[in-house]
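> fold the following, please.
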Amino acid sequence: DGRVTHQSREENEWSGTLKFAYRWNEKAMTYFSAARGYKAGGFNLDRTQVGVTPTTSDTSFPGEFVDSYELGAKTTWAGGNLLLNGALFHQTYSDFQLNSFLGTSFVVRSIPTVTSRGFDAEVLYQNGGLFVQGGLTYAKTEYGDDLLPDPDLVLLPGSTASFAPKWSATGAVGYEFDLGKNLVARMHVGAKYMSEYNTGSDLDPQKLQSGYTTVNARASIGGRDGHWAVELWAQNLTDAEYMQVAF
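Numbering: from 1, shown residues only. From the prediction side, this is the model:
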């Protein structure tokens, strides 16, 4: 409608990490870390209905901060062939930048508080040409109850955050063996599981993605010197269907 707005903002912030680690012996090490992360604020440059009224032309959103704490352990077994690692984590976001699609434009809105806490564990085993990997993560990620009134975000307070499955797991098996003096063959199969999560920034129940698993595979034959290889690979081998985003 011929409106013009001039906006500017300036930010100067610190971020950093502090870590403590103690090695109990050759097989076990524990650690604690604390970190402060920062993502700069900015402006919604698309035509937007949020924050633009006849009385204001402010389309800005503030910087995002996260205070993150982690307590974990890393261990080695079976003569170094087996690794077992695990960690507990807690993250608190301030002014979380939520990207929303309103049907005609994308808008970044600021969520006062988001918390994420849980654990993750992994196992790695290698013996000769055999490689086995597994991982498991539990994360409870929730929006705070201190959201500003917004008709598009009424489902958010106290709810699980968008794109935040509570459980995720990975697994992979690989094997490498010789074919004569000059050739090496490799085979690898990996899978990833995600529990249900909502793909919409407004948490509309119709945008819920149920849990699913994807499987990838790869086989190759190549020269021992690594100069060439022929590969056959497949992604989403089981043809799992899932939504990346819904609106």
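
> so where is this structure shaky, pLDDT-wise?
1, 47-56 (pLDDT under 70).

> show me which strand runs longest in it.
Ranked by number of residues, the top strand in the chain under DSSP state E is strand 106-127.

> who does that strand pair up with?
Sheet pairing of strand 106-127 (DSSP bridges) gives strand 82-101 (antiparallel), strand 130-143 (antiparallel).

> a markdown table for those, including distance to residue 234?
In short, each C-beta sits where N, CA and C put it, glycine included. Formatted as a markdown table, those follow (distance: least, Cβ to Cβ, whole Å):
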| stretch | distance to residue 234 |
| --- | --- |
| strand 82-101 | 28 |
| strand 130-143 | 19 |
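
> of all the ones you listed, which one is nearest residue 185?
Proximity to residue 185 (Cβ to Cβ) singles out strand 130-143 among the strands paired with strand 106-127, at 13.4 Å.

> okay, the strands paired with strand 106-127 in a markdown table with mean neighbour count and distance to residue 38 next?
As requested, the strands paired with strand 106-127 are exported to a markdown table (neighbours: other Cβ atoms under 10 Å; distance: least, Cβ to Cβ, whole Å):
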| stretch | mean neighbour count | distance to residue 38 |
| --- | --- | --- |
| strand 82-101 | 17 | 10 |
| strand 130-143 | 16 | 19 |
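
> out of those, nearest to residue 66?
Among those, strand 82-101 sits nearest to residue 66 (Cβ to Cβ), with 4.8 Å.

> which residues touch residue 151?
By Cβ atoms under 8 Å, 6 or more residues apart in numbering, the contact set of residue 151 is empty.

> which SSE is it in?
Under DSSP states H and E, no helix or strand contains residue 151.

> what about it, distance to residue 163?
22 Å (Cβ to Cβ, to the nearest Å).

> and if you look at residue 210?
14 Å.

> picking up where we left off before, closest to residue 200 out of the strands paired with strand 106-127?
Among the strands paired with strand 106-127, strand 82-101 sits nearest to residue 200 (Cβ to Cβ), with 8.3 Å.

> CA-only coordinates of the closest one, as PDB, when you get a sec.
Extracted as PDB, the C-alpha positions of strand 82-101 are listed here (Å, rounded to 0.1, in the frame of the first residue of the first chain):
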ATOM      1  CA  LEU A  82      34.500 -51.200  21.600                       C
ATOM      2  CA  LEU A  83      33.500 -47.700  22.500                       C
ATOM      3  CA  LEU A  84      30.600 -46.900  24.800                       C
ATOM      4  CA  ASN A  85      29.600 -43.300  25.300                       C
ATOM      5  CA  GLY A  86      26.700 -41.600  27.100                       C
ATOM      6  CA  ALA A  87      25.600 -38.100  28.200                       C
ATOM      7  CA  LEU A  88      22.900 -36.200  30.000                       C
ATOM      8  CA  PHE A  89      22.000 -32.800  28.700                       C
ATOM      9  CA  HIS A  90      19.800 -29.800  29.600                       C
ATOM     10  CA  GLN A  91      19.300 -26.800  27.300                       C
ATOM     11  CA  THR A  92      17.300 -23.600  28.000                       C
ATOM     12  CA  TYR A  93      16.500 -21.300  25.000                       C
ATOM     13  CA  SER A  94      15.600 -17.700  25.400                       C
ATOM     14  CA  ASP A  95      13.800 -15.900  22.600                       C
ATOM     15  CA  PHE A  96      13.700 -19.000  20.500                       C
ATOM     16  CA  GLN A  97      13.300 -18.100  16.800                       C
ATOM     17  CA  LEU A  98      10.300 -20.000  15.400                       C
ATOM     18  CA  ASN A  99       9.800 -19.900  11.700                       C
ATOM     19  CA  SER A 100       6.100 -20.000  10.800                       C
ATOM     20  CA  PHE A 101       4.300 -20.300   7.500                       C
END
